Each structure stands twice: as C-alpha cells, then as structure tokens.
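Peer 1: Task: produce atomic coordinates for the following.
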Amino acid sequence: MIRKYRDEDFDKVLGLLRDALVHDTITPEILKEKIHEDPNFDPKMALVAGEDGEVSGFMLGVTRDVRGERIGYLKLMAVAPDQRKKGVARSLYEKMEALFRKAGVQKVRIFDVPLNYFQPGIDPRYTEALCFAWRMGFERFDDTSNLIVDLGRSDWETSDKEEKLAQEGIHIRRATEEDRVELLRFIEDEFALWRHEVSMSFQRDPIAVHIAEVNDTIRGFSAYNGNNVGTGWFGPMGTSGSLRGKGIGEVLLKRCLCDLKDEGNKKAIIPWVGPIAFYAHHAGARVDRVFWRFEKPLR
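Peer 2: Okay, the predicted model is just below:
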C-alpha cells in the first residue's frame, strides 16, 4: 500500500534510510532538514510503502522552477533490503510521477536537487538504484563528485593574504545580519540557485558566511553548513567575475575550513564540485565520491 508520509513515520523512515543507505550517514537532524526545511516541501510528495504500521519503502519528491523549466526531483528514496525486487520502488515512483505530471513537471531528476539536497546524484555503489533508474526510463546525462579535505593538515591561516588584499581595497570578514539583504541581492544577480543555502547559513551561530567587499560593496562570499548540517559541508562560494584571480576565493575558502575545524570536524566535504583543481591546489582536497546524474523527460 502506498500512502502519504505522516509525522509519526519519522523514526521508521529514519531507520529504513539508515539500513538502505549503507554508504551514507543520515541523522534525525538531516532527515528533518531534507523533509521540513525544504522551501518547496509538499506533503503530497512524501510517500511511504507498507502495511500494518510498517514502512518498507520511502520516496520524497519536490518540484523546482529552474531556469524556465519545472523540474521534479526525487530527493530521497529507499526500499528495505528484504523488500527489494517486489515492485515497491516501482509503485512508489509511478505514484510520484503521476503527482509530477499533475504539477506540470517537464522532466524528473534523481537526488541532485538545488537549494536543499542530500547527495548530488546516485553513488554507483548503490547498484539497485542504478537499475531502478534505468527500468523507470531515466538516462544518465552527467557525472559529478564530492571532494574531501583533511582539516588537520593546516591551521588555514589567511591573515597575510588578507593584508595584501586590503592594500588593493579588498576587505574580507565574517558576514553580519546587517549584510543579509545586500548579499542575497548579489547572489540573486550572479548565483541565484544558491540563495536558499546561504540563507540557511545565516541561521547558524556564528553566522556561517564570509564576505569580500570592495568600496563597502559585497563582491564575493563563501558559506558552510547551509546543507547537511553536522557533516562538515562547505559551500556555496562565489566571487564576482571581474575580481577572480586575485586570491579572494582562496581566503574565503580557508576561512570556512578554519571554522569547520574549530567546530570539531575532522574532514570537510566540498560537494557537487566543478573546479576540482582549485580545491586540490588550495586545500589539498581529494575526490572522495563520484555520482551519476539521471534525467527523464515527461512528455
């Protein structure tokens, strides 16, 4: 039986995800973040499979309007190991796809949900998930990766570099609540999809955002703990194109890594990475996990 998720299912869904997602760590705080802190959470798109109070499968969907397209995303999904190959995942997905179609979704993707996500694609070690995607008509269209940084390898000191930047009129500091509106406006202009994550970073104590200013105007930022809080999650980070190459990104990155180290993290995760070489050079980052991205058009 497929039905809507209820709050009283939380502990059983958490247990299911922990049993099924053997290459990941999922805490109660992260599950709450993925379900209830999503800006587009729709209770109709949180589905469970099971009978007699048991939960044998879970699928969480959400829709986003991204660059003129309405996209449906499978944010989380899992089937109990002893219930696989019984059609549970198919039943959940067919129900979810019907909801997506009703919502006007043009295509569906798996896991790589901008704004609030657990992982940026399917880790191919989850072979059952790959097979499910292909059976449901998805096609692999891209790869991405998460990097990992050993925070113990450095103290992440940046004062000398900050002094040199200050001589050029570039000042870097931790953001304050008074910077929120200006920073979000800057992000809206240049990095619109990161607005929500940075907003979440402003809710941390201390504020988990650092900024670069030129003439008292924000021209760059870095953030952490905007997603998957408690895992050492870094990002997003961005600098105005006209200022790249001056070393601003290095300082912004290292300020966040210093904070993450001070929080007691041993490692930092840099997710969904494009410029691998930048992070490898400045932080000794290494590719830790690779993810396959899947997409299905809905016609």
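Peer 1: going forward, measure contacts between C-alpha atoms and count neighbours the same way
Peer 2: OK.
Peer 1: and Asn225, what is it in contact with?
Peer 2: Listed by CA atoms under 8 Å, 6 or more residues apart in numbering, the contact set of Asn225 reads Met200, Ser201, Arg204, Ala208, Gly232, Trp233, Phe234, Gly235.
Peer 1: Which of the three states applies to the closest residue to the first one other than its chain neighbours?
Peer 2: Counting by CA to CA, 6 or more residues apart in numbering, Gly226 is the residue found nearest to Met200 once chain neighbours are left out, at 5.0 Å. For Gly226, the secondary structure call by DSSP: H, G, I helix; E, B strand; the rest coil comes out as coil.
Peer 1: Would you confirm that Gly226 contacts Glu197?
Peer 2: Yes. Gly226 is within contact range of Glu197, at 4.6 Å (criterion: CA atoms under 8 Å).
Peer 1: Now the terminal residues of stretch 64-72, how far apart.
Peer 2: End-to-end span of stretch 64-72 (CA to CA, to the nearest Å): 7 Å.
Peer 1: begin at 427 from here
Peer 2: I'll keep to 427 as the first residue from here, and by that count the last item is stretch 490-498.
Peer 1: quick one: that stretch to chain centroid distance?
Peer 2: The chain centroid and the centroid of stretch 490-498 are separated by 17 Å, computed with CA atoms, centre = their mean, to the nearest Å.
Peer 1: any idea how far Phe544 lies from Gln509?
Peer 2: Phe544 is 23 Å from Gln509, by CA to CA.
Peer 1: the more surrounded of the two?
Peer 2: Phe544 (19 against 12; other CA atoms under 10 Å).
Peer 1: And the pLDDT at the more buried one?
Peer 2: With respect to pLDDT, Phe544 scores 96.
Peer 1: Look at it and give its secondary structure.
Peer 2: Phe544 - assigned by three-state DSSP - is coil.
Peer 1: For it, list the residues it contacts.
Peer 2: With CA under 8 Å, 6+ apart, Phe544 has these contacts: Lys460, Lys501, Leu502, Phe537, Asn653, Asn654.
Peer 1: who's in contact with the fourth one?
Peer 2: Right, the one you point to is Phe537. By CA under 8 Å, 6+ apart, the neighbours of Phe537 are Tyr499, Leu500, Lys501, Leu502, Tyr543, Phe544, Gln545, Pro546, Gly547, Ile548.
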